[in-house]
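A.B. asks: only geometry, no sequence info:
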């Protein structure tokens with residue numbers, strides 16, 4: 001199993017969520033975050049100054065079977081991409097085991 005952690009622009013979250021659901025990935029966790037990155041870009045919107053590090057982001061945590069990794073990453077890249085600074089990042093790591101507490105299932109069955 002793989003854990004995919006994704007940071008995307010909050011404005012792209014609904015599109016990312018819809019595309020994940022279309023791809024059959026309906027369970028994931030997410031939360032709002034703010035951070036700073038390598039590139040800083042400044043712009044004005046309605047007379048208010050913003051920088052790319054001040055934009056609200058969503059951090060998603062997704063666990064998938066190994067065979068779904070490439071498909072999931074492709075969906076994330078395509079749906080979150082704007083071509084502008086601050087589009088986000090994708091991190092992939094190994095998950096050694098998972099358990100569903102209610103049914104005591106383990107492994108990939110715990111995710112279904």
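C.D. replies: Looks like it arrived, so ask away. Since we're looking at a predicted model, the values are computed, not measured.

A.B. asks: Please determine how far the residue lying farthest from the centre of the chain is located from residue 86.
C.D. replies: Within the chain, residue 47 marks the point farthest from the mean C-alpha position, 30.5 Å out by Cα atoms, centre = their mean. Applying Cβ to Cβ, to the nearest Å, the value for residue 47 to residue 86 is 21 Å. In short, each C-beta sits where N, CA and C put it, glycine included.

A.B. asks: Now residue 109, what are its backbone angles?
C.D. replies: phi -60, psi -30 (degrees, to the nearest 10).

A.B. asks: What score does it have for pLDDT?
C.D. replies: For residue 109, the model assigns a pLDDT of 84.

A.B. asks: distance of it from residue 1?
C.D. replies: Distance of residue 109 to residue 1, given as Cβ to Cβ: 11 Å.

A.B. asks: Go ahead and measure how far the helix ranked longest in the chain is from the middle of the chain.
C.D. replies: For the chain, the longest helix by residue count, based on DSSP state H, is helix 69-80. How far helix 69-80 lies from its chain's middle: 9 Å, per Cα atoms, centre = their mean, to the nearest Å.

A.B. asks: mind listing what's buried in it?
C.D. replies: 72, 73, 75, 76, 79, 80 (16 or more other Cβ atoms under 10 Å).
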